[in-house]
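Participant: pasting the sequence and the predicted model now:
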Amino acid sequence: MHVPKIAITALVPPELIFACGGEPFDVNNVIPASKKTPRNKLCAWTAIWQEMLVKREQKIDSLVVVAGGDCHNALVDGQKAAMSGIPTHFFFYPFDGDAGYLESQLYKLRDFLGNIEFPEKFREIKKLKKTGQQIDKKRLSGQISSVDAFRILVSFSDLRGDLNGFQKAIAEVKESDIELNNRVALIGVPPIYHDFHEVAQSLDLQIVFDELPYEFIRHSGVNIKEVARDYRDYTFARPLDFRIGFLQKELEKRKVDGIIHYTQFACHHTLEDEVMRQKLDYPILTLQGDMPGKTPEQIKLRLEAFREMIER
Ligand code: SF4
């Protein structure tokens, strides 16, 4: 039986896609390893997946674009993909957190996907997300490296399209005993560099919080109503003060010594940097990346200087 591969451009409740018999595929997860130079770009993330989809370099059956919520470039690049003939659905989060609105969006998405054929997937994924939360906790006490924790947590957006395979990958995560000297939070969208967490770890900066991946494990629900009530608090789609309020509590809980705010070239989230600096009372290092690849030397030097500053 053919399992339809449903590409998603940002967080779209994967529980609903699995329940409708599809296999979610987060197009962003292949970007950090990509060697593509897109012809026409603002943000490299959306420009690369747009070109990749239009040129049919990834086999997908349909596309769900998060058009209202956390990314404005995706709205345009998503339409370009749709114009190339890919069956596309545009999904909107409510800026004001209205659960009823989100519920209506989820029903529209269900109609686009077909129908709920495997309702048990909701519970299965809820359980798996609890395991993800345990991994996050273990990383917080040095029992799992931030490199391993990030790899797992970031994959929760699509659960690698394979629940059994993903469960196995989680079970294989090795325990370690890491001294957490310089505890940093990584906020903003994840860095486009595939080795960023390795680099930070090698420079004795321990990432104890990955803001966006944490959103992937934080939300779940056993049916559409519950999913709507929970995902409405997806911080990236809500007003900035809502997200900052959440961050303040989380950073305090995790006892961080400093913050790395990663911003992406031509991403509107870059404009949030000055507000973050005003509202979050920690040493902050703002980095900006553009094209995928290895972490550039200049960024490594800045990370090193930041660690020295925290240590002082
Ligand atoms: S970095 Fe910004 S513009 Fe680029 S895909 Fe992410 S949210 Fe969109």
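Facilitator: Arrived safely, thanks for sending. Please read these numbers as outputs of a predicted model, since none were measured by experiment.
Participant: so who does the closest residue to the ligand within the stretch 201-312 of the chain touch?
Facilitator: Nearest residue of the stretch 201-312 of the chain to the ligand: residue 267, at 3.0 Å (Cβ to the nearest ligand atom). For glycine as for every other residue, the C-beta is placed from the backbone atoms N, C-alpha and C. Taking Cβ atoms under 8 Å, 6 or more residues apart in numbering as the contact definition, residue 267 lies against 43, 71, 73, 189.
Participant: rerun at 6 Å
Facilitator: Each residue near residue 267 by Cβ atoms under 6 Å, 6 or more residues apart in numbering is listed here: residue 43.
Participant: and it, how far from residue 229?
Facilitator: Distance, residue 267 to residue 229, using Cβ to Cβ, to the nearest Å: 29 Å.
Participant: what do you get for residue 302?
Facilitator: In this structure, residue 302 and residue 229 are 41 Å apart, going by Cβ to Cβ.
Participant: what about the helices in the protein?
Facilitator: Along the chain, the stretches classed as helices by DSSP state H are 14-19, 44-54, 73-83, 99-113, 120-140, 146-154, 163-171, 196-202, 211-218, 224-231, 240-253, 273-279, 297-311.
Participant: of those, which stretch is the most buried?
Facilitator: For the helices of the chain, the stretch with the most neighbours on average is helix 14-19, a mean of 26; neighbours defined as mean count of other Cβ atoms under 10 Å.
Participant: quick check: the gap between the residue nearest to residue 220 when sequence neighbours are not counted and the ligand.
Facilitator: Nearest in space to residue 220, with sequence neighbours left out and distances taken as Cβ to Cβ, 6 or more residues apart in numbering, is residue 126 at 4.3 Å. Residue 126 sits 26 Å away from the ligand, going by Cβ to the nearest ligand atom, to the nearest Å.
Participant: cool, and residue 193?
Facilitator: Here the criterion is Cβ to the nearest ligand atom. By it, residue 193 lies 13 Å from the ligand.
Participant: report the contact partners of the residue nearest to that residue when sequence neighbours are not counted.
Facilitator: Sequence neighbours aside, residue 295 is the residue nearest to residue 193 in space, at 4.3 Å (criterion: Cβ to Cβ, 6+ apart). Shown here is residue 295, whose contacts under the criterion Cβ under 6 Å, 6+ apart are 193, 195, 196, 199.
Participant: make CSV out of these and add pLDDT.
Facilitator: Conversion of those to CSV gives the following (pLDDT from 0 to 100):
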residue, pLDDT
193, 98
195, 98
196, 98
199, 98
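Participant: what's the farthest-apart pair in these?
Facilitator: The largest distance within those, taken as Cβ to Cβ, falls between 193 and 199 and amounts to 7.6 Å.
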